[in-house]
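> Show me the folded form of this:
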Amino acid sequence: MGKPTPTRIREGLQKKLYLGNLDARRDWGFAGDYVEAMWLMLQQDRPDDYVIATGQTHSVKEFLDEVFGYLDLDWRQYVEIDPRYFRPSEVDLLEGGASKARRTLGWGPEVHFKELAHMMTDHDWELARRERFLAERGRQDCR
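Sure, this is the predicted structure:
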């Protein structure tokens with residue numbers, strides 16, 4: 001059995017997704033963009049410190065809206081809050097300020113929230129489809 005994901009719900013492999021704080025806001029970014037920023041840092045004549053971030057926050061609810069909407073599902077029918085997934089020292093808002101990286105390195109994220117959510121969903125959906133294919137044939141998960 002694979003990890004719990006909305007795509008597994010879409011493919012009929014699970015019924016619910018259990019999450020914690022849906023109001024937590026995070027600065028969601030694409031790792032490939034961050035690797036580019038690291039490369040640009042290494043091209044500088046002198047080392048320096050930079051914050052690498054999108055500078056935009058989105059809540060877990062917004063992520064659910066985007067992903068479940070992309071799958072043509074209503075997340076409210078499938079997501080349940082589980083107190084075990086609340087963090088004792090939860091930070092409600094995490095947002096980075098990358099103005100120095102923009103100014104000095106000429107860096108900015110190219111993949112934005114909606115595209116990132118779709119990329120993540122597409123990847124997980126392919127895994128869920130494979131899992132369903134194997135399950136229909138009585139085989140174990142062979143990722």
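> how about the strands in this structure?
Remark: strands of the chain, listed N- to C-terminal, are 17-19, 25-26, 58-59, 79-81; assignment by DSSP state E.
> out of those strands, which comes closest to His118?
Ranking those by proximity to His118 (Cβ to Cβ) places strand 58-59 first, at 13.5 Å. (Glycine included, C-beta is placed from N, CA and C.)
> Tell me which other helices or strands that closest one touches.
Helices and strands touching strand 58-59, by 3 or more Cβ pairs under 8 Å, 6 or more residues apart in numbering; DSSP states H and E, are strand 25-26.
> Give me the helices and strands touching the strand it packs on, please.
Secondary-structure packing of strand 25-26 (3+ Cβ pairs under 8 Å, 6+ apart): strand 58-59.
> partner strands of the strand it packs on, parallel or antiparallel?
Using DSSP bridges, the strands paired with strand 58-59 are strand 25-26 (antiparallel).
> looking at the strands of the chain, which has the lowest confidence?
Ranked by mean pLDDT, the strands of the chain bottom out at strand 25-26, which scores a mean of 94.
> Save the strands of the chain as CSV, and put in distance to Met38 too.
Conversion of the strands of the chain to CSV gives the following (distance: least, Cβ to Cβ, whole Å):
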stretch, distance to Met38
strand 17-19, 31
strand 25-26, 20
strand 58-59, 23
strand 79-81, 34
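> With mean neighbour count and distance to His118 as new columns, can those be given to me in CSV?
Conversion of those to CSV gives the following (neighbours: other Cβ atoms under 10 Å; distance: least, Cβ to Cβ, whole Å):
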stretch, mean neighbour count, distance to His118
strand 17-19, 16, 18
strand 25-26, 18, 17
strand 58-59, 18, 14
strand 79-81, 13, 19
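> Now for the spatially closest residue to Lys100 that is not a sequence neighbour: which residues touch it?
The shortest distance from Lys100 to any residue other than its chain neighbours is 5.7 Å, reached at Tyr50 (Cβ to Cβ, 6 or more residues apart in numbering). By Cβ atoms under 8 Å, 6 or more residues apart in numbering, the contact set of Tyr50 is Ala37, Met41, Ala98, Lys100, Ala101, Thr104, Leu105.
> just to revisit the earlier point, indicate which one of the strands of the chain is closest to Pro109.
Nearest of those (Cβ to Cβ): strand 58-59, 13.0 Å.
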